[in-house]
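Participant: output the structure for:
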Amino acid sequence: MGTVNFLFTLFILLYSMFFFLMDGDKLLFRILYYLPLQDRDERRILQRFTSVTRATLKGSAVIGILQGGLAGLAFAVAGIPSAVFWGAIMTVLSIIPGIGTALVWGPAAITLAVSGHYLKAIGLTVFCALAVGSLDNFLRPRLVGKDTEMHDLLILFATLGGIAMFGIVGIIIGPIIAALFDTVWQIYGEVFRDILPGVERFPPKAEGED
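Facilitator: Reported below is the predicted structural model:
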């Protein structure tokens, strides 16, 4: 059932991408036409959308290459045949957060343990679980946040929320939604700067304090 759902989702994604590539500019123009924003604000939103999308894709690619490379190196050290091939597979599977690379190195560690290579199995498990598995949580907020000028914590929550709402594609959709919300929030603050009341310091100054 999971495989059928994945293939159906992939088909919908490719089918939608075809029409977005063919008629995306017309759709974008119509969306911008109905937005009650100035041209400069619309360009600002588009630039933020583009930068976040580019940063998210670039971050996913860098993380995938690093995870696949490190895991493939661990396979080679452990004496597992076709380490380069399995490293390439884990590079692709790294898009699945948390368990992507574990789908490969987990069975490999079990196979080593069953064949009597306990030290290699333990070493492979510890290295892949700690070094390879933690790369996503450690690097993604920094790689994406650096280019999008968003806080690491916001990137982390946006990614987790996107995954919870949209599945794997939420890795890209989550940060995009967060960035667009942040941009609209900034535009709102700039437009209504003269209307919004000032904010006093918290906690307030004590009596006699300069």
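
Participant: when you work out contacts or count neighbours from here on, use the C-alpha atoms and nothing else.
Facilitator: OK.

Participant: which strands and helices lie in contact with the longest helix along the chain?
Facilitator: Secondary structure of the chain per DSSP state H: the longest helix is helix 39-78. Counting contacts by 3 or more Cα pairs under 8 Å, 6 or more residues apart in numbering; DSSP states H and E, helix 39-78 is packed against helix 83-93, helix 118-127, helix 134-148, helix 170-191.

Participant: cutoff 7 Å now
Facilitator: The contact analysis (3 or more Cα pairs under 7 Å, 6 or more residues apart in numbering; DSSP states H and E) places helix 39-78 against helix 83-93, helix 134-148, helix 170-191.

Participant: okay, buried residues for that helix please.
Facilitator: If you call a residue buried by 16 or more other Cα atoms under 10 Å, then helix 39-78 has these buried ones: 42, 44-45, 48-49, 51-56, 59-76, 78.

Participant: where does the chain dip in pLDDT?
Facilitator: Regions of the chain meeting the criterion pLDDT under 70 cover residues 1-3, 6, 34, 96-99, 137, 141, 144-149, 152, 168, 196-210.

Participant: and the helices and strands packed on helix 39-78 as JSON lines, adding mean neighbour count and distance to Ile155?
Facilitator: Conversion of these to JSON lines gives the following (neighbours: other Cα atoms under 10 Å; distance: least, Cα to Cα, whole Å):
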{"stretch": "helix 83-93", "mean neighbour count": "20", "distance to Ile155": "21"}
{"stretch": "helix 134-148", "mean neighbour count": "18", "distance to Ile155": "5"}
{"stretch": "helix 170-191", "mean neighbour count": "18", "distance to Ile155": "6"}
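
Participant: out of those helices, which is closest to Phe19?
Facilitator: The minimum distance between Phe19 and the helices and strands packed on helix 39-78 falls on helix 170-191, with 18.6 Å, by Cα to Cα.

Participant: how much space between the residue most central in space within the chain and Thr159?
Facilitator: Nearest to the mean C-alpha position of the chain, by Cα atoms, centre = their mean, lies Ile171 at 3.7 Å. From Ile171 across to Thr159, the span is 5 Å (Cα to Cα, to the nearest Å).

Participant: and if you look at Phe18?
Facilitator: Distance from Phe18 to Thr159, counting by Cα to Cα: 26 Å.

Participant: what about the two, which has more around it?
Facilitator: Comparing Phe18 with Thr159 by other Cα atoms under 10 Å, the one with more neighbours is Thr159, at 27 against 12.
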